[in-house]
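[1] Have a look at this prediction, sequence included:
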Amino acid sequence: MTTVHGEPQVLPPDQILQQLSRLFMTPAHDRAVYLVFGPYQRMWPFHKRVEEEVKRGGFNNQLGRVEFVSLTRDLYAYLEAKGTFEEARRLAERGHEQQLRALLSHAFRDLVTSRIEAPGVLGLVLADFELLYAYDLGANDISIVRQVAINGKRICLLVPGAMHDRRLWIFDHDRDSRREFPEPLVFLNSGWVFTLAEGAR
C-alpha cells in the first residue's frame with residue numbers, strides 16, 4: 001500500500017474495496033466524501049465491481065445500507081418517474097440548453113437528496129458523470145453531495161480521471177471533454193482519496 005499524507009492512496013482494486021468497506025462501517029461525525037479515480041480503461045472494470053458489491057449488499061452493515069447511483073441511468077429514470085422526461089427531450093431537440101440545464105440540475109439535486117435521505121440508507125456510490133458534464137453541470141451542481149454527506153451519511157464518487165498538481169481532472173483521457181472536478185469534493189488530507197495502482201484491473 002502506498003500512503004503519503006495529503007496524497008491519494010495508490011492501491012489495487014481489492015484493497016480499495018476493503019478500504020471502502022471499512023469506511024462505510026466506521027461512524028462518521030463530519031462531512032464524509034470518499035473518492036476513487038483512475039484512467040477510464042481501469043475505472044470501468046472497477047466501477048462494475050463496485051456496482052456488483054453494492055448489489056450483493058457487501059457494504060451494508062449495522063449503520064445502514066449503501067446504494068449505487070448511475071448519474072446517467074438513474075437520472076433518466078427519475079425524470080420519467082416525475083413526468084419531466086418528455087419536457088427534457090423537447091428542450092434538447094429545440095436547443096434550449098439553459099432551460100434544460102436548469103431542469104437537469106433540479107432533478108440531480110432532488111435525486112441525490114431523496115436517495116440519501118431514504119430510510120435505512122447509510123450512503124451512496126455515485127458514478128457515470130457524463131450526462132451532467134455534457135450540460136456543464138460540473139462544479140456547482142455536483143458539489144451538492146458535500147452538503148448531504150453529513151450526520152453519519154457518506155458518499156463515494158467513482159471518477160474516471162487523473163490528478164495533476166493536486167487538481168483532479170475528470171475525463172482526462174479526452175482533451176476536449178476534460179474538466180476540473182470540484183476541489184471541495186477531493187479531501188486529500190483525509191485518507192479518503194484512492195487511485196487504482198498502475199496495471200490494476
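    Structure received. Numbers count the residues shown, from 1 in each chain.

[2] so after the longest helix anywhere in the chain, what's the next helix or strand?
    As assigned by DSSP state H, the longest helix anywhere in the chain is helix 97-116. Counting by DSSP states H and E, the next helix or strand C-terminal to helix 97-116 is strand 121-127.

[3] Just checking: what are the partner strands of that next one?
    strand 65-70 (parallel), strand 154-164 (parallel) (DSSP bridges).

[4] what about those, which gets the closest to H29?
    Taking C-beta to C-beta, strand 154-164 is the member of these nearest to H29, at 11.0 Å. Just so you know, the C-beta spots here come from the backbone N, C-alpha and C atoms, and that holds for glycine as well.

[5] quick one: contacts for the closest residue in space to L132 that isn't next to it in sequence?
    Closest residue to L132 apart from its sequence neighbours, by C-beta to C-beta, 6 or more residues apart in numbering: L71 at 5.9 Å. The contact partners of L71, by C-beta atoms under 8 Å, 6 or more residues apart in numbering, come to F108, L126, A127, D128, F129, L131, L132.

[6] Now the first one: closest residue in space, sequence neighbours ignored.
    Nearest in space to F108, with sequence neighbours left out and distances taken as C-beta to C-beta, 6+ apart, is D141 at 5.8 Å.

[7] C-terminal to the helix or strand hosting that neighbour, what's the next element?
    Assessed by DSSP H and E, D141 sits inside helix 139-142. Beyond helix 139-142 in the direction of the C-terminus, DSSP H and E gives the next helix or strand as helix 144-148.

[8] Mind giving me the packing neighbours of that next one?
    helix 97-116, strand 154-164 (3 or more C-beta pairs under 8 Å, 6 or more residues apart in numbering; DSSP states H and E).

[9] helices and strands of this structure: which one has the lowest mean pLDDT?
    Across the helices and strands of the chain, mean pLDDT, DSSP states H and E gives its lowest value to helix 139-142, namely a mean of 73.

[10] Show the contacting residues for the nearest residue to H173 once chain neighbours are set aside.
    Setting aside the residues directly before and after it, H173 is nearest to Y40 in space (C-beta to C-beta, 6+ apart), at 4.9 Å. Y40 is in contact with P160, F171, H173, counting by C-beta under 8 Å, 6+ apart.
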